[in-house]
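>>> my questions concern the predicted model and sequence given below.
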Number of protein chains: 2
Amino acid sequence: MAQQSELEADIAVVGAGLSGLAAARRLVAYGRSVVVLEARDRVGGRLLNEPIGGGAVVEVGGQWVGPTQDRVLAVIDELGLSTYATYDEGDKLFEMNGRIRRYRGEVPRLNPVVLADIAQAQFRLDRMSRTVPLERPWEARNAEQWDRETFASWMHRNVRTAGGRAFCTLVCEAVWAVHPADLSLLHFLFYNASGGGLDRLISTDAGAQKWRVTDGSQRIAERMAEDLGEQVVLSSPVRRIEQHSTGVAVTSDRHRVRAAHVVVALPPTLTNRIAYDPPLPGIRDQLCQRYAQGTVIKTMAVYPEPFWREDGLSGQVTSATGPVKVCFDNSVPGDGRGVLLGFLEGNQARTLGQLPLAERREQVLDCFTRMFGPRAAKPKTYIERSWAEEEWTRGCYGGFLPPGGWTGHGRAIREPVGRVHWAGTETATVWNGYMDGALTAGERAADEALAAR
Amino acid sequence: MAQQSELEADIAVVGAGLSGLAAARRLVAYGRSVVVLEARDRVGGRLLNEPIGGGAVVEVGGQWVGPTQDRVLAVIDELGLSTYATYDEGDKLFEMNGRIRRYRGEVPRLNPVVLADIAQAQFRLDRMSRTVPLERPWEARNAEQWDRETFASWMHRNVRTAGGRAFCTLVCEAVWAVHPADLSLLHFLFYNASGGGLDRLISTDAGAQKWRVTDGSQRIAERMAEDLGEQVVLSSPVRRIEQHSTGVAVTSDRHRVRAAHVVVALPPTLTNRIAYDPPLPGIRDQLCQRYAQGTVIKTMAVYPEPFWREDGLSGQVTSATGPVKVCFDNSVPGDGRGVLLGFLEGNQARTLGQLPLAERREQVLDCFTRMFGPRAAKPKTYIERSWAEEEWTRGCYGGFLPPGGWTGHGRAIREPVGRVHWAGTETATVWNGYMDGALTAGERAADEALAAR
């Protein structure tokens, strides 16, 4: 192991994703010195731009922001960045039972019995969600009942039509990148409440997929890091956090940072991979043993032009068939080329993730071709990113709790452990799992550290 | 960090619990050299003797063996150790709804409707369990259905009486140290099948609590370690495993071991805390993100004599009330003193684990006093061990999978990753979670490494 250099700061921050950077930015605004230790050789965490030539950039990580995500929209503005609308013109496609339907607006023209089934399910889920306290989901009046079953078992009891269940499964995959069997019903309801309801979570025009960030979402992190300058240290995975009576020592492969406090801004499952001295309380460790990451492979195909637009198609697909179950037109404005975006989520990602790239590529392009015709079969470029394989993330979009998690261990989610404070979007109360939640969580953890000094 | 010494061996083993020691013993029997790296300053992992003076020893970790656990019984014999019967004379106590009932035999005299309810539940659970392939639970005919719900939601649908549900909850806490909401029904069925059915799992006289090991169960590990001699290295937590084309390098805080293969014998959740180069496949990492440990605080009170025996009591209690829900007479034969053993399991351990020692002690002794009278209130000694707090175990009795775990990621459970082989009782097919499973899992991993050379 190389010689470690010693650094000092008022506060150390672990992780230069959006949450860690937001914590550092807040601390610097209050006159504190910080050192942000980042494992990767880049900032941004789950935000990652990928250049596709000609100055155009797509994102292989998180990319959308939407209405009511006030904090991220404000920060984008503060940083001098801008947004543009997700391409949302033309017809959408919905595939079920071997049939592809075109539709306009928010809802495909399905059998009215199925539509009524979906509507009652959504109404009930949203109504239950409104009773979940965002700060303490385990104190919901029905917390015990809701945390003892999965979203899947709720769905099988309360959604009667095959179409309704296919819709619920799609929602679960599209929002959490997990199978309905993976999620505690209580976690579903908490997260749904945190984002303001199902319409907000799943809608393009009125929801979380409404806007994109000019030049790519990773620019938000890069701009924040530029302002922080040398206070952000790359390629420094943190291995150890020691606490003593007056401060902490945070050891990475390259540096040892002495500080009064430390903000840990990682997905919960990764926080357990650091060695703590003294060790963390059991309640905290066991919470993070259960707070797993979703599974998603984000794929994109780049074509000479967005040919589907000529056919009056928006590029937006939801398919109950899969394996690509959600598609978007992810072309870059002004670039001229067409980009189709396809998500492999939950069990599709787990299964196809085992295949060689060429086979997975073929299955993805087969889906694109089924939807958009033979021109989709031969892209200029195929891009994919499997976030479960990423050592410093280990799954996207975010973390989720299985049954028993919130009621058994939830109270440890934000509870500081001495001089260690917890950030990361999984600790957010509003827009948990999104960029907006990452920012507010980082700022909340920074405020804790400031107040504790 | 101190200077690291370099060691060489044919095979490196991580963890000197029963499984790692069994792997090493098998490898040595086949003429291979091994180095076993252990994080603690002792061997035995979840087996831990605690002297109570006068040469007597109790166990604050795993302690029982039983019929059909053929491998551990054979090893006890090979090592020159012996067993004796768990104290099982006199009446047992069962507490529900504020009433304590005395009974003999296996079943308390409950309302016949409750007994019938319990019997039908047990019959159905055992029948379902017999269809789960131990090598591949995810291939059970009904795997998808069983893995999409918790044991709690199954119970609430299929067990109609409050008494029946209290019994099922007790079983879940006593066998897994979790709440019924925590477990996938498929995991319940797999584990039940792995141990040979519910009667085997829960019975004292005919099951997994039948025998104790003379001088304490940790002696099994200590005897194995004695035979391995200097090949077992203590106080050496492994931080990193590198693989290259001809071997591995295993780095602990004190040593760096070069070997052809490595056997990792840790609970799944701890395997993810080692840094791997190259990183582990996503499917393996995500399996272990979900394979959490149960929560148990094992408590004991030592009295001048086993006074409950004079009252014709066996010391065995099951209580639906709690917080101590399961008790045993854990006195040491020939010692003269009386030892009451009480388990805090699942949510009781999670809640009481947050209290100061004195308050937890008081609640435990209140339970003992309710059962055995005022003499139980004033023990000579109170002993407890909270396994969630133990940095190198992080929960007992063992690991469990929530819904979606087996079907989403289960195929990675024993799949070697290059030169890395997985041991630990959580990888066992027979008596998963028990000492017997720890031994067979270690031997199976050793065989893999031998075959791969």
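Okay, I see it.

>>> for the stretch 251-400 of chain A, what spans make up the strands?
A:255-259, A:261-264, A:275-277, A:292-293, A:296-303, A:313-319, A:326-329, A:338-345, A:381-386, A:399-400 (DSSP state E, counting those that start in this stretch).

>>> any part of the fourth one near chain B?
Yes: legend: contact between strand A:292-293 and chain B by CB under 8 Å from any CB of the partner chain is shown at A:Ala292, A:Gln293. From N, CA and C alone the C-beta is placed, and that goes for glycine too.

>>> who touches that strand?
A:182, A:267, A:269, A:387-388, A:393-396, A:398-400, A:402, B:286, B:289-290 (CB atoms under 8 Å, 6 or more residues apart in numbering or on different chains).

>>> tell me the one of these nearest B:Gly342?
A:Pro402 (28.4 Å; CB to CB).

>>> which stretches of chain A have low pLDDT?
Residues of chain A meeting the criterion pLDDT under 70: A:1-3, A:453.

>>> 80 instead, please
For chain A, applying pLDDT under 80 flags the ranges A:1-4, A:106, A:453.

>>> ok, the closest residue to A:Leu280 other than its chain neighbours to chain B distance?
Leaving aside its sequence neighbours, A:Leu280 sits nearest to A:Val417 (CB to CB, 6 or more residues apart in numbering or on different chains; 5.7 Å). Between A:Val417 and chain B the computed distance is 13 Å (CB to the nearest CB, to the nearest Å).

>>> need the phi and psi values for A:Val417.
When read as degrees, to the nearest 10, the backbone of A:Val417 gives phi -110, psi 90.

>>> now swap in A:Gly105 and tell me
When read as degrees, to the nearest 10, the backbone of A:Gly105 gives phi 80, psi -160.

>>> please enumerate the helices of the stretch 201-350 of chain A.
Along the stretch 201-350 of chain A, the stretches classed as helices by DSSP state H, counting those that start in this stretch are A:218-228, A:268-271, A:282-290, A:307-310, A:347-352.

>>> which other helices and strands contact the last one?
Helices and strands touching helix A:347-352, by 3 or more CB pairs under 8 Å, 6 or more residues apart in numbering or on different chains; DSSP states H and E, are strand A:296-303, helix B:405-409.

>>> out of the contacts of strand A:292-293, grab the one that's most surrounded.
A:Asp182 (31 neighbours; other CB atoms under 10 Å in any protein chain shown).

>>> what sits against the residue nearest to that residue when sequence neighbours are not counted?
In this structure, A:Asp182 finds its nearest non-sequential neighbour in B:Gly404, 3.7 Å apart by CB to CB, 6+ apart. Contact partners of B:Gly404, counting by CB under 8 Å, 6+ apart, are A:Thr150, A:Val178, A:His179, A:Ala181, A:Asp182, A:Pro402, B:Asp147, B:Arg148, B:Ser184, B:Arg290.

>>> circling back: which of the helices of the stretch 201-350 of chain A sits closest to B:Thr425?
Distance to B:Thr425, taken as CB to CB, is lowest for helix A:282-290 among these, at 16.6 Å.

>>> now that closest one against strand B:381-386, angle please.
Going by axes from the mean of the first three to the mean of the last three CA atoms, to 10 degrees, helix A:282-290 is angled at 30 degrees with respect to strand B:381-386.

>>> much appreciated, bye for now.
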